[in-house]
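K.L.:
Test case, fold it:
(2 chains)
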Number of protein chains: 2
Amino acid sequence: MRPLAGRLDLCSINTATLGHSTPIDHVIDDVARAGFGGICPWRRDLMDVDVVKTARHIRDAGLKVSGYCRSTYLPAATEAGLRASVEDNRRAIDQAATLGAQCFVMVVGSLPAGSRDLALARAQVTEGVEKLIERARSAGVRLALEPLHPMYAGDRSCLNTIDQALKLAETLEPDPEPAPTLGVALDVYHVWWDPNLAAAVSRAGTSRRLFAFHVCDWLVPTRDLLMDRGMMGDGVIDIPHIRRLVEATGYEGFVEVEIFSETNWWRKDASVTLATCAERLQTVC
Amino acid sequence: MRPLAGRLDLCSINTATLGHSTPIDHVIDDVARAGFGGICPWRRDLMDVDVVKTARHIRDAGLKVSGYCRSTYLPAATEAGLRASVEDNRRAIDQAATLGAQCFVMVVGSLPAGSRDLALARAQVTEGVEKLIERARSAGVRLALEPLHPMYAGDRSCLNTIDQALKLAETLEPDPEPAPTLGVALDVYHVWWDPNLAAAVSRAGTSRRLFAFHVCDWLVPTRDLLMDRGMMGDGVIDIPHIRRLVEATGYEGFVEVEIFSETNWWRKDASVTLATCAERLQTVC
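P.N.:
Down below sits the predicted model:
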């Protein structure tokens, strides 16, 4: 496993960690100044800016783009809704290409309002992702399917395990040459509980489909399903164990911090959060 | 699938649904009066009563005991802690026998305070369950391992999927004749998201290890990880779909309602909650 002490160049900050409260240009400067090697912006950070200029700013700041977050949910109550979502995701893939992002992170969505048909939502995800592959390939953007924790199966993602995401990738892209366009983003928060974790990570790595690795921590107790992620070291996830599994497959990408924490980290000054991320990455990850 | 309309005799009430706020003798009478065929008491309901008398009261009220909740958590920080937990669970198994419970529901626990070693917790669960089998067999009590939703992996259960529970049962009891002592309790709340659900339920049923079937619903949004379960029909779980899978395996046991709902159902009068359970069981399950 790569030592991270003194190697913040291997580490990236997902902008959600800072709560989307300051303009992206400030965030880029803050992240670069704190010594990180990468940044993963959210689409919402780029709503009112020129993406070409932002891409240049990121490059000029010496940062790589570890990923671009995130897809519009695919399942919809109508065929037109699904088509609109596919179109919107194509535009996001183009932005990811402009940014030079190492992947486009796909949080796929789940049950449309009023539906209980999880199988249908999953079928719509398959259909939607299939319609995005060609655009992703021609744009040179890898699609990182992110399995979300099963507690999000009702509203945010019907893709809930690494195995399930890999199966989707392998079904839609059985013979990926020269390299896969479909892979997975692995966030310890979503997968740490999985009894099949070691085998699933190994399968993802050996099929060259491990596109991103995110860290944060699971707090006990967790007080909110969405907004109570912990700083690495403050929870119960054995992060080094999982990073060891990931890097044993040959993964050489970024270790990216993504923390949703409305009542704690998002209320702190960005410099405090970034310094804490830097310290924890080098000591407990 | 069995029609439930007019068949409350096939349905059971887990006493947690009523919030443990009234003495067990009242609860027994309430449940019987509402027309249900079964009850599943919690150990905490029986703290200050004579279990033999309670068992007689339940029988006299015309109720079966669909299960007895629940085990003391097995993983512990010390060997002595694990031994003490095993001893305590043996006493509970004896109570389950006295009650004539169709199974003893095992919520196995997870990380002891300060631990991040999920593999060790899982190994302790294996060790602890193994030490309970003989007592269970001689008492004639089936042990229903209950996989809990992965959002409880940090504190309540390191057993998180049906497959994982079945694997444990099959490992500890590979050749169960005349019938398995180790099986699973399947609660729709914990397993509805599982991409492998249909195969796992089928495997549980055909190996005769499906000992209990619990219903409630998953609310969107869910406001609390423990205490915000929904009444059947108020959430997004396709309960009939899951019951169909369960009964297709030959399951003929109770459909048991278990709802933890501190801020909603637990605040209502027991008669209201029981009437709503009865109506929903007959119409949306």
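K.L.:
what about the helices in chain A?
P.N.:
A:24-33, A:51-60, A:79-99, A:118-139, A:162-172, A:188-191, A:197-206, A:239-248, A:270-283 (DSSP state H).
K.L.:
For the third one, the averaged confidence score.
P.N.:
Per-region confidence: helix A:79-99 scores 98 on mean pLDDT.
K.L.:
residues making contact with it?
P.N.:
Counting contacts by C-beta atoms under 8 Å, 6 or more residues apart in numbering or on different chains, the residues outside helix A:79-99 that touch it are A:41, A:43, A:46, A:51-52, A:54-55, A:58, A:65, A:68, A:71-76, A:103-104, A:106, A:109, A:112, A:124, A:127-128, A:131-132, A:135-136, A:139-141, A:143. All C-beta spots, glycine's among them, are computed from the backbone N, C-alpha and C.
K.L.:
hmm, which of those residues are the buried ones?
P.N.:
A:41, A:43, A:46, A:51, A:54-55, A:58, A:65, A:68, A:71-76, A:103-104, A:106, A:109, A:112, A:124, A:128, A:131-132, A:135-136, A:139, A:141, A:143 (16 or more other C-beta atoms under 10 Å in any protein chain shown).
K.L.:
Run a quick neighbour tally on residue A:276.
P.N.:
Here the number of neighbours of residue A:276 (other C-beta atoms under 10 Å in any protein chain shown) works out to 18.
K.L.:
before we move on, what about residue A:148?
P.N.:
If we define neighbours as other C-beta under 10 Å, then residue A:148 has 24 of them.
K.L.:
swap in residue A:267?
P.N.:
When neighbours are defined as other C-beta under 10 Å, residue A:267 has 12 of them.
K.L.:
how far away is the nearest residue to it once chain neighbours are set aside from chain B?
P.N.:
Leaving aside its sequence neighbours, residue A:267 sits nearest to residue A:19 (C-beta to C-beta, 6 or more residues apart in numbering or on different chains; 7.9 Å). Counting by C-beta to the nearest C-beta, to the nearest Å, the gap from residue A:19 to chain B is 20 Å.
K.L.:
In this structure residue A:19 contacts residue A:265, no?
P.N.:
Yes: counting by C-beta atoms under 8 Å, residue A:265 is a contact partner of residue A:19 at 7.5 Å.
K.L.:
In terms of packing, which of those two has more residues around it?
P.N.:
residue A:265 (22 against 17).
K.L.:
Let me see the contact set for the more buried one.
P.N.:
A:17, A:19, A:231, A:259, A:273, A:276.
K.L.:
mind redoing it with 10 Å?
P.N.:
Contact partners of residue A:265, counting by C-beta atoms under 10 Å, 6 or more residues apart in numbering or on different chains, are A:17-19, A:216, A:229-231, A:234, A:259, A:272-273, A:276-277.
K.L.:
Got the confidence number for it?
P.N.:
98.
K.L.:
try residue A:177
P.N.:
pLDDT at residue A:177 comes out at 87.
K.L.:
okay, now it: neighbour count?
P.N.:
If you count neighbours by other C-beta under 10 Å, residue A:177 ends up with 6.
K.L.:
where does the stretch 101-250 of chain A dip in pLDDT?
P.N.:
Low-confidence segments of the stretch 101-250 of chain A (pLDDT under 70): none present.
K.L.:
With adjacent residues omitted, what lies nearest to residue A:222?
P.N.:
Closest to residue A:222 by C-beta to C-beta, 6+ apart is residue A:228, at 5.0 Å.
K.L.:
Surely the one you found touches residue A:264?
P.N.:
Yes: taking contacts as C-beta atoms under 10 Å, residue A:228 lies within contact range of residue A:264: 7.9 Å.
K.L.:
Overlap in contacts, these two.
P.N.:
Shared contacts of residue A:228 and residue A:264, counting by C-beta under 10 Å, 6+ apart, come down to residue A:219.
K.L.:
Can you give me the neighbour number for the residue lying closest to residue A:52 once chain neighbours are set aside?
P.N.:
Using C-beta to C-beta, 6+ apart and skipping the chain neighbours, the partner closest in space to residue A:52 is residue A:98 (6.0 Å). Neighbourhood size, residue A:98 [other C-beta under 10 Å]: 19.
K.L.:
measure residue A:98 to residue A:58 for me?
P.N.:
As for residue A:98, its distance to residue A:58 is 11 Å (criterion: C-beta to C-beta, to the nearest Å).
K.L.:
Common neighbours of those two, please.
P.N.:
Contacts common to residue A:98 and residue A:58, judged by C-beta under 10 Å, 6+ apart, are residue A:65.
K.L.:
most distant residue from the middle of chain A?
P.N.:
residue A:114 (27.5 Å; C-alpha atoms, centre = their mean).
K.L.:
thinking that one is in contact with residue A:77, fair?
P.N.:
Yes: Residue A:114 is within contact range of residue A:77, at 7.1 Å (criterion: C-beta under 10 Å).
K.L.:
For residue A:212, give the beta-bridge partners.
P.N.:
With DSSP bridges as the criterion, residue A:212 is bridged to residue A:185.
K.L.:
which parts of stretch A:85-98 are buried?
P.N.:
Those would be A:85-86, A:89, A:92-98, for stretch A:85-98 by 16+ other C-beta under 10 Å.
K.L.:
Could you give the separation of stretch A:92-108 from the chain centroid?
P.N.:
10 Å (C-alpha atoms, centre = their mean, to the nearest Å).
K.L.:
how about the CA coordinates for it, as PDB?
P.N.:
This file holds the C-alpha atoms of stretch A:92-108, laid out as PDB (Å, rounded to 0.1, in the frame of the first residue of the first chain):
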ATOM      1  CA  ALA A  92     -22.300  16.500 -18.200                       C
ATOM      2  CA  ILE A  93     -20.100  14.000 -19.900                       C
ATOM      3  CA  ASP A  94     -19.000  16.800 -22.300                       C
ATOM      4  CA  GLN A  95     -18.200  19.000 -19.300                       C
ATOM      5  CA  ALA A  96     -16.200  16.100 -17.700                       C
ATOM      6  CA  ALA A  97     -14.200  15.900 -20.900                       C
ATOM      7  CA  THR A  98     -13.600  19.700 -20.900                       C
ATOM      8  CA  LEU A  99     -12.400  19.400 -17.300                       C
ATOM      9  CA  GLY A 100     -10.100  16.500 -18.100                       C
ATOM     10  CA  ALA A 101     -11.800  14.500 -15.400                       C
ATOM     11  CA  GLN A 102     -10.500  11.000 -14.700                       C
ATOM     12  CA  CYS A 103     -14.100   9.800 -14.600                       C
ATOM     13  CA  PHE A 104     -17.700  11.000 -14.500                       C
ATOM     14  CA  VAL A 105     -19.200   9.800 -11.300                       C
ATOM     15  CA  MET A 106     -22.700   8.200 -11.800                       C
ATOM     16  CA  VAL A 107     -25.100   8.200  -8.900                       C
ATOM     17  CA  VAL A 108     -27.900   6.500 -10.800                       C
END
